[in-house]
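Participant: Sequence plus the predicted model coming up.
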Number of protein chains: 2
Amino acid sequence: MNDFQDWALSIQSRTESALEKLLPSAQIAPNRLHEAMRYAVLGGGKRVRALLAHATADLCGADAEKADNAAAAVELIHAYSLVHDDMPCMDDDDLRRGKPSCHKKYDDATALLVGDALQSLAFQALSQPKLFSLPERQLEMVNVLAIASGSRGMAGGQAIDLASVGQSLDQAELEHMHIHKTGALIRAAALLGAYCSETSRPEHIKAIDHYAQYIGLAFQVVDDILDAEADTATLGKTAGKDAASNKPTYVTILGLSRAKELARELYENAIRHVASFGNDAKRLVQLADYITQRGF
Amino acid sequence: MNDFQDWALSIQSRTESALEKLLPSAQIAPNRLHEAMRYAVLGGGKRVRALLAHATADLCGADAEKADNAAAAVELIHAYSLVHDDMPCMDDDDLRRGKPSCHKKYDDATALLVGDALQSLAFQALSQPKLFSLPERQLEMVNVLAIASGSRGMAGGQAIDLASVGQSLDQAELEHMHIHKTGALIRAAALLGAYCSETSRPEHIKAIDHYAQYIGLAFQVVDDILDAEADTATLGKTAGKDAASNKPTYVTILGLSRAKELARELYENAIRHVASFGNDAKRLVQLADYITQRGF
């Protein structure tokens, strides 16, 4: 096991613990809702957003303990978006992380409430008293996460995605959609991590933000490549679904070969923005490798 | 027009303005989502939660300007819960405030995203920088709202409500459901208003909290009475629906006459808890009258 895998496992494990602590026990009423929330969040996922938050926290000199709640809050928002996204009125997907999606395992009404309650829990986690010694900074973190999740961030991206079904988008329009749908939350993860340090310098935050924007898009391009290439069993979710549902993807717009080139270009741009940190940006570079190596 | 109606109109009007300012314009992309968010929030409703927040802010000596964002944040959470509650997988209700409900006017996927984005917007509104001079206090307000909205508050109450369909509940179980489903957010409205003043005394906050708990339950009992008695046109939502869908209500459990007695008892308990404020609690007493006078 290499050094990055070692680090990633330790972050995934501490994120799992942080989430486990934040989620109410299934023994607490309403039991079924709490059981379903835990089902939707725990025991799976690569936790890319948590890795990113921890990597930028570390780069800015914050202890991992400081970053735990921020990383968990971003993962809760991500988990809620997957639960709602899988519902019949959205993508109608029966599989998630190789298991029945939340509404298949429980029912639509429960899945709706699971998503709603996970979003509240994210803001509860991030607004806990005395998480950081500067309450102004913590308030700013809540604000960053709220904007990234809302109609001009992730939820807005979902709306653009819905409106794009059956439309012929060009690359710029597709990029606009992904900057919102997945990019906003990935960017928030990187920023919240950096904000965990009270001494982060503005130029560092700016560099991290640029890195996150490129890596967010690269992540999506690679996702489209995987969706086009992989089969359902390997992917853990229904493969080829985007093409089947007539959704534009980087592969349908650019072709597989050009999509792979684009993923590499985005990767290189991401790396370039954190080059000035030298070896301190090691985790960010490794993370960019990890996110994109699957795709090209 | 009496003094209370005058005051209520002015608060309703300033809440409408605050919400109007917080909601992105329908000219901003994603346009349809923003249009639907505005449809779901603006131009209607009694704004009971905003009235309550302003009344407790006033009682504790905070300016109305201070309370605007807190009142709007609570109304945004309330509006999101109505949009999701009306969806086919939940109560499947076609009418809200005398108009087609959000999923009927738009579609299910849009309604899902409208609710999601309104919840984010509530936390965005309440975490705006420098809303209050004490950031710790503001962070606590975010935390109170998040807990009240989540699985151990409003969303949890919805889950208990779902599980109760076709069940025979007793009064205590029904009360448990309502304490979560509507009570938690009404209580949060009263607390957030009080927190708008930086000099609120703990014993005052405690009295306001007791008042809010009683008035929250009274509100629900009166709602059940109205649902049993009124016709659809007067109510602005589908009447008699709870009984028709085999949901337990205070009227089905206690009968109409005992339900009216209970509403009066809860009203009197609420008033008793703020009696020590004397005339300073005028708005809270008037609000209790307003909330319950429809029912008995």
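Facilitator: In hand now; what should we look at?
Participant: Show me what counts as buried in the longest helix anywhere in chain A.
Facilitator: Taking DSSP state H as the criterion, chain A has its longest helix at helix A:202-229. Neighbour counts over helix A:202-229 (16 or more other Cβ atoms under 10 Å in any protein chain shown) mark A:204-205, A:207-208, A:210-228 as buried. Any C-beta I mention is one placed from the backbone N, CA and C, and that applies to glycine too.
Participant: What mean pLDDT does that helix get?
Facilitator: Helix A:202-229 carries an average pLDDT of 93.
Participant: likewise stretch A:133-141?
Facilitator: 93.
Participant: who's in contact with it?
Facilitator: Contacts to stretch A:133-141, defined as Cβ atoms under 8 Å, 6 or more residues apart in numbering or on different chains, come from residues A:70, A:126-127, A:131-132, A:192, A:195, A:198, B:127, B:129, B:135-136, B:138-139, B:142.
Participant: Of those residues, grab the buried ones for ChimeraX.
Facilitator: Entered in ChimeraX, the line below selects the buried ones among the contacts of stretch A:133-141, by 16+ other Cβ under 10 Å:
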select /A:70,126,127,131,132,192,195 /B:127,135,138,139,142
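Participant: Just the contacts of stretch A:133-141: which are in helices?
Facilitator: A:A70, A:L126, A:L192, A:Y195, B:P135, B:E136, B:Q138, B:L139, B:V142.
Participant: Using a markdown table, please lay out those residues together with distance to A:D289.
Facilitator: Converted to a markdown table, these look like this (distance: Cβ to Cβ, whole Å):
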| residue | distance to A:D289 |
| --- | --- |
| A:A70 | 23 |
| A:L126 | 29 |
| A:L192 | 22 |
| A:Y195 | 25 |
| B:P135 | 39 |
| B:E136 | 41 |
| B:Q138 | 40 |
| B:L139 | 37 |
| B:V142 | 37 |
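Participant: State the pair within those residues that is farthest apart.
Facilitator: Farthest pair in the ones in helices among the contacts of stretch A:133-141 (Cβ to Cβ) is A:L192 and B:E136. Separation: 19.2 Å.
Participant: Closest one to A:A40 out of the ones in helices among the contacts of stretch A:133-141, please.
Facilitator: Of those, the one sitting nearest to A:A40 (Cβ to Cβ) turns out to be A:L126, at 18.8 Å.
Participant: And for that closest one, nearest residue in space, chain neighbours not counted?
Facilitator: Leaving aside its sequence neighbours, A:L126 sits nearest to A:A73 (Cβ to Cβ, 6 or more residues apart in numbering or on different chains; 4.2 Å).
Participant: Confirm that neighbour sits in a strand?
Facilitator: No. Per DSSP: H, G, I helix; E, B strand; the rest coil, A:A73 lies outside any strand segment and is helix.
Participant: Now do it against chain B, distance only.
Facilitator: For A:A73, the distance to chain B equals 10 Å [Cβ to the nearest Cβ, to the nearest Å].
Participant: quick one: contacts for that residue?
Facilitator: A:A73 neighbours (Cβ under 8 Å, 6+ apart): A:A122, A:F123, A:A125, A:L126, A:L145, A:L192.
Participant: Off-centre distance for the helix or strand hosting A:D289?
Facilitator: In this structure, A:D289 sits in helix A:282-293 according to DSSP states H and E. Taking Cα atoms, centre = their mean, to the nearest Å, the mean C-alpha location of helix A:282-293 is offset from the chain mean by 15 Å.
Participant: can you pull the alpha-carbon coordinates of it into PDB?
Facilitator: Extracted as PDB, the C-alpha positions of helix A:282-293 are listed here (Å, rounded to 0.1, in the frame of the first residue of the first chain):
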ATOM      1  CA  LYS A 282       1.500  16.500  -2.200                       C
ATOM      2  CA  ARG A 283      -1.900  15.300  -1.100                       C
ATOM      3  CA  LEU A 284      -3.700  17.600  -3.600                       C
ATOM      4  CA  VAL A 285      -1.500  16.200  -6.400                       C
ATOM      5  CA  GLN A 286      -2.100  12.600  -5.300                       C
ATOM      6  CA  LEU A 287      -5.800  13.300  -5.000                       C
ATOM      7  CA  ALA A 288      -5.900  14.700  -8.600                       C
ATOM      8  CA  ASP A 289      -4.100  11.500  -9.700                       C
ATOM      9  CA  TYR A 290      -6.600   9.400  -7.800                       C
ATOM     10  CA  ILE A 291      -9.600  11.200  -9.200                       C
ATOM     11  CA  THR A 292      -8.400  11.100 -12.800                       C
ATOM     12  CA  GLN A 293      -6.200   8.000 -13.100                       C
END
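Participant: Which elements pack onto it?
Facilitator: Under the contact criterion of 3 or more Cβ pairs under 8 Å, 6 or more residues apart in numbering or on different chains; DSSP states H and E, helix A:282-293 touches helix A:3-22, helix A:48-59, helix A:202-229, helix A:256-273.
Participant: Present those helices as a markdown table; the columns should include distance to chain B.
Facilitator: What follows is those, written out as a markdown table (distance: least, Cβ to the nearest Cβ, whole Å):
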| stretch | distance to chain B |
| --- | --- |
| helix A:3-22 | 11 |
| helix A:48-59 | 16 |
| helix A:202-229 | 16 |
| helix A:256-273 | 23 |
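Participant: Of all those helices, which one is nearest A:V83?
Facilitator: A:V83 sits nearest to helix A:3-22 of all these, at 14.2 Å, using Cβ to Cβ.
Participant: secondary structure class for A:A26?
Facilitator: Per three-state DSSP, the local secondary structure of A:A26 is coil.
Participant: list the contacts for it?
Facilitator: Shown in contact with A:A26 (Cβ under 8 Å, 6+ apart): A:H34, A:E35, A:R38.
Participant: rewinding a little: could you point out which of the contacts of A:A73 is nearest to chain B?
Facilitator: A:F123 (4.2 Å; Cβ to the nearest Cβ).
Participant: can you tell me the helix or strand for the closest one?
Facilitator: Short version, using DSSP H and E: A:F123 is in helix A:108-126.
Participant: Report the mean per-residue pLDDT for that helix.
Facilitator: So the average pLDDT for helix A:108-126 ends up being 98.
Participant: That helix: which residues count as buried?
Facilitator: By neighbour count on 16+ other Cβ under 10 Å, the buried set for helix A:108-126 is A:108-126.
Participant: And for stretch A:157-174?
Facilitator: Using 16+ other Cβ under 10 Å as the burial criterion, the residues of stretch A:157-174 that qualify are A:G157, A:Q158, A:A159, A:I160, A:D161, A:L162, A:A163, A:S164, A:L169, A:L174.
Participant: cool, and stretch A:255-274?
Facilitator: By neighbour count on 16+ other Cβ under 10 Å, the buried set for stretch A:255-274 is A:A259, A:K260, A:L262, A:A263, A:L266, A:Y267, A:N269, A:A270, A:I271, A:H273, A:V274.
Participant: CSV please, covering those residues and showing pLDDT.
Facilitator: Putting the buried residues of stretch A:255-274 into CSV (pLDDT from 0 to 100) gives the following:
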residue, pLDDT
A:A259, 94
A:K260, 94
A:L262, 95
A:A263, 94
A:L266, 96
A:Y267, 95
A:N269, 96
A:A270, 96
A:I271, 96
A:H273, 97
A:V274, 96
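Participant: so which two of those residues are the farthest from each other?
Facilitator: By the measure Cβ to Cβ, A:A259 and A:V274 form the most distant pair in those, at 23.9 Å.
Participant: Tell me how far A:Q286 lies from chain B.
Facilitator: A:Q286 sits 31 Å away from chain B, taking Cβ to the nearest Cβ as the criterion.
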